[in-house]
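**Q** need a structure here:
(one chain, ligands or ions: 2)
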Amino acid sequence: MNRLEQAITTISDYPSPGVQFRDITSLVENPQAFAEACEQLAAPFADAGIQKVLAIEARGFIFGGAVAVALGAGMVMARKPGKLPRKVIAQTYELEYGKDMLCLHVDAIKPGERVLLLDDLIATGGTAMAATDLAQKLGAEVVAASFVVALPELGGLGRLQARNIQTHALLEYEGD
Ligand SMILES: O=P(O)(O)OC[C@H]1O[C@H](OP(=O)(O)OP(=O)(O)O)[C@H](O)[C@@H]1O
Ligand SMILES: Nc1ncnc2[nH]cnc12
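**A** Ligands and ions are numbered 1, 2, ... in the order given. As a prediction, this is how the structure comes out:
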C-alpha cells in the first residue's frame, strides 16, 4: 500500500447501505500525503496549457486551489445551488446516492479556454459530466480530468473518456 492509499479511510455502508465510502479527510490531515496528492494531481498537466482548473464543491475545492497554483491557472468553482452571487448556468445530475445540482458563473470560463476538471473522487461520473457539460456550454475545451480516487466499475472514468477527455486518478478501487 502506498502513502496515499494508507491515508484514505474506508467506511462501509455510509451514507447508505452498500456504499463503501472513501474518505479523503484523513488524507488531507496528513501533510505529506496532502502535498503528494496535490503534486500528483497536477504533474501530468504541467505542459498542457491549462488556463482554468474547474473544481467541484465541496471536496474538489480542497485540491483544486493547490493544483491551479501549481499549473499557473485560474481556479473556477462549480458550486451547489444558491452559492454563487452572479449570473449562473445550472445543471441537475444523479449521484451514487441521490440527486444534486451544479452551477457555474457564466463568465467564469471564456470560449476556447483549456480546462482541467478536478475533484476528489469519481464514481458514476454524474457530477463530473454535469461540470463538463456546463464548461462546454460556456465554450471551454475540457482537456482532461484529475481525481484522487476513481471507482472505475461505476463507469465515470469511461463516460469522460467517451467524451474524449483524458482521465488521471491517483488511486483506483475495484469492487465498489
Ligand atoms: O461520480 P459521482 O457518482 O457523481 O460521485 C462523485 C461525487 O460525489 C462526491 O461529492 P458529493 O456530492 O458527495 O459532495 P461533497 O463534495 O460536497 O461532499 C465526490 O466529491 C464527487 O464530487
Ligand atoms: N464511494 C464514495 N466514497 C466517497 N465519496 C463518494 N462520492 C460518490 N461515491 C463516493
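**Q** need the residues of the protein near ligand 1, please.
**A** Within reach of ligand 1 by CB under 6 Å from any ligand atom, the chain has these residues: 56-59, 95-96, 100, 119-128, 156. Every C-beta, even on glycine, is put in place using the N, C-alpha and C of the backbone.
**Q** do that again at 5 Å, thanks
**A** Within the chain, the positions lying close to ligand 1 (CB under 5 Å from any ligand atom) are 56, 58-59, 96, 119-127, 156.
**Q** Now the buried members of those residues.
**A** 56, 59, 96, 119-127, 156 (16 or more other CB atoms under 10 Å).
**Q** Filter these down to the ones in helices?
**A** Among these, the ones falling in helices (DSSP state H) are 59, 126, 127, 156.
**Q** is the residue nearest to the spatial centre of the chain in a bridge, and if so with what?
**A** Per CA atoms, centre = their mean, the C-alpha nearest to the average position across the chain is that of residue 119, at 1.8 Å. Using DSSP bridges, the beta-bridge partners of residue 119 come out as residue 147.
**Q** Who are the contact partners of it?
**A** Taking CB atoms under 8 Å, 6 or more residues apart in numbering as the contact definition, residue 119 lies against 55, 56, 59, 60, 63, 127, 128, 131, 145, 147.
**Q** What of residue 117?
**A** Residue 117 is in contact with 54, 56, 128, 131, 132, 135, 142, 144, 145, 146, 160, 165, counting by CB under 8 Å, 6+ apart.
**Q** ok, back up a step: generate a markdown table for the residues of the chain next to ligand 1, with pLDDT as supplementary columns.
**A** Shown next, in a markdown table, are the residues of the chain next to ligand 1 (pLDDT from 0 to 100):
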| residue | pLDDT |
| --- | --- |
| 56 | 98 |
| 58 | 97 |
| 59 | 98 |
| 96 | 64 |
| 119 | 98 |
| 120 | 98 |
| 121 | 98 |
| 122 | 97 |
| 123 | 94 |
| 124 | 92 |
| 125 | 95 |
| 126 | 95 |
| 127 | 96 |
| 156 | 97 |
